[in-house]
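Q: Let's see this in three dimensions:
(3 chains)
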Amino acid sequence: MPELPEVETTRRGIEPHIIEQQLERVTVRNGSLRWPVPKDLQSLLQGQEILEVGRRGKYLLLRFKAGTLLMHLGMSGSLRVVKATEAVGKHDHVDLTFVNGATLRLNDPRRFGAVLWAGNDPQDHELLSHLGPEPLSDEFDGEYMFQRSRKRSQAIKQFLMDSRVVVGVGNIYANEALFKAGIRPTKAAGKVTRKAYLRLADEVKLVLEKAIAQGGTTLKDFVGGDGKPGYFKQELLVYGRGGEPCAQCDAVLKEIRLGQRSTVYCPQCQK
DNA sequence: CAGCGCCCCTGCCCGC
DNA sequence: TGCGGGCAGGGGCGCT
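A: As a prediction, the model looks like this:
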């Protein structure tokens, strides 16, 4: 579920409910996530106020005076703000309950997500310190990709999904952006031209911005807790469409596996 | 170092 | 209806 746009949508959705709120207690029902949830969160955070709700790539950063709580939603995680009295459901693994009664509740069926303590300089945390630029920042552009990709034999799609190169481009958007840019996902990153990278970087920004804008329209529902937006599904041009005709040329879209991930492209439009 | 598979885990869908 | 296999929007890790 969570690609960068959804994590950003989550961030925007929870922020107004928890910013400047004082934490009353931490409830960990199942601390067995990607890494064990630290056991001392309660003592670290009790009485502390949330100063900022930030994001780095797909990580959410809840900043307190004492340090930063780092959260990742993995493949299946979601966060909702509920009343402290709301019935606990299956896979509701962690709650942060605030003095005002609001509760930030993490649900994660597959438990690939994470809740970790990162101290006062979260960007120095091991999981964040090697991350590439944000795709929507000026630091990320075609020239940057071109320079970083020289002599790389790896397929462009895997290069694009490497968080050390750029964060937040998941499988769906990698497929979509490569289609829009007319680049075949299997092409070696080092053989993609500067011109093609300029186009690709633009398309990455466009598709992410568009998805965030649409995620925004579902914010209310999201916080109200009624589940998942299916917002951009109908906008996808290749992802999940293997075997269907290309929207641009009518050729049959090909579906292959690249690095264990489903990859769809148009053999005509993407060279 | 670059690049590639593996794996963590549950749920769901499909074919038999 | 039950069961096995494959797949899922992430990404760290260990190996070559």
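
Q: burial of residue A:214, as a residue count?
A: Neighbours of residue A:214 under the rule other Cβ atoms under 10 Å: 15. For the C-beta atoms, the positions are set from N, CA and C on the backbone; glycine is no exception.

Q: brain fart, residue A:188
A: Neighbours of residue A:188 under the rule other Cβ under 10 Å: 14.

Q: How much space separates it from residue A:151?
A: 10 Å (Cβ to Cβ, to the nearest Å).

Q: Next: residue A:90.
A: When residue A:90 is compared with residue A:151 (using Cβ to Cβ), they lie 48 Å apart.

Q: One more: residue A:100?
A: For residue A:100, the distance to residue A:151 - Cβ to Cβ - is 55 Å.

Q: So which of those two has more stuff around it?
A: A side-by-side neighbour count of residue A:100 and residue A:151, using other Cβ under 10 Å, places residue A:100 first with 13 against 7.

Q: The more buried one: what's its closest spatial neighbour, skipping adjacent residues?
A: Of all residues beyond its chain neighbours, the one nearest residue A:100 is residue A:21 (5.6 Å), with distances taken as Cβ to Cβ, 6 or more residues apart in numbering.

Q: now residue A:83
A: residue A:101 (6.0 Å).

Q: got the phi/psi numbers for the one you found?
A: When read as degrees, to the nearest 10, the backbone of residue A:101 gives phi 100, psi -20.

Q: How many residues are close by it?
A: Neighbours of residue A:101 (other Cβ under 10 Å): 12.

Q: residues contacting it?
A: By Cβ atoms under 8 Å, 6 or more residues apart in numbering, residue A:101 lies in contact with A:83, A:84, A:85.

Q: Spell out the residue ranges of the strands in the stretch 151-271 of chain A.
A: A:254-258, A:261-265 (DSSP state E, counting those that start in this stretch).

Q: can you tell me which of those strands comes nearest to DNA strand C?
A: Of all those, it is strand A:261-265 that lies closest to DNA strand C, at 2.9 Å by Cβ to the nearest atom of the strand.

Q: how far is the closest one from where the chain is centred?
A: Distance, stretch centre to chain centre, for strand A:261-265: 19 Å (Cα atoms, centre = their mean, to the nearest Å).

Q: So that strand, near DNA strand B or not?
A: No: using Cβ under 7 Å from any atom of the strand, strand A:261-265 stays clear of DNA strand B, coming no nearer than 8.9 Å.

Q: near DNA strand B, which residues of chain A?
A: A:32, A:34, A:76, A:90-91, A:109-112, A:152-155, A:158-159, A:189-190, A:259-260.

Q: Can you get me a residue count around the closest residue to DNA strand C within the stretch 151-271 of chain A?
A: Ranked by Cβ to the nearest atom of the strand, the top residue of the stretch 151-271 of chain A for proximity to DNA strand C is residue A:170, at 2.3 Å. By the criterion of other Cβ under 10 Å, residue A:170 has 18 neighbours.

Q: Tell me who's in contact with it.
A: A:3, A:4, A:58, A:161 are the contacts of residue A:170 under Cβ under 8 Å, 6+ apart.

Q: ok, now with 7 Å
A: Residues in contact with residue A:170, defined by Cβ atoms under 7 Å, 6 or more residues apart in numbering, are A:3, A:161.

Q: and it, how far is that from DNA strand B?
A: Distance, residue A:170 to DNA strand B, using Cβ to the nearest atom of the strand, to the nearest Å: 14 Å.

Q: Need the pLDDT of that residue.
A: Predicted confidence (pLDDT) for residue A:170: 93.

Q: what's the answer for residue A:224, then?
A: 36.

Q: so residue A:146 sits in a strand?
A: No: assessed with DSSP: H, G, I helix; E, B strand; the rest coil, residue A:146 is helix; it does not lie in a strand.
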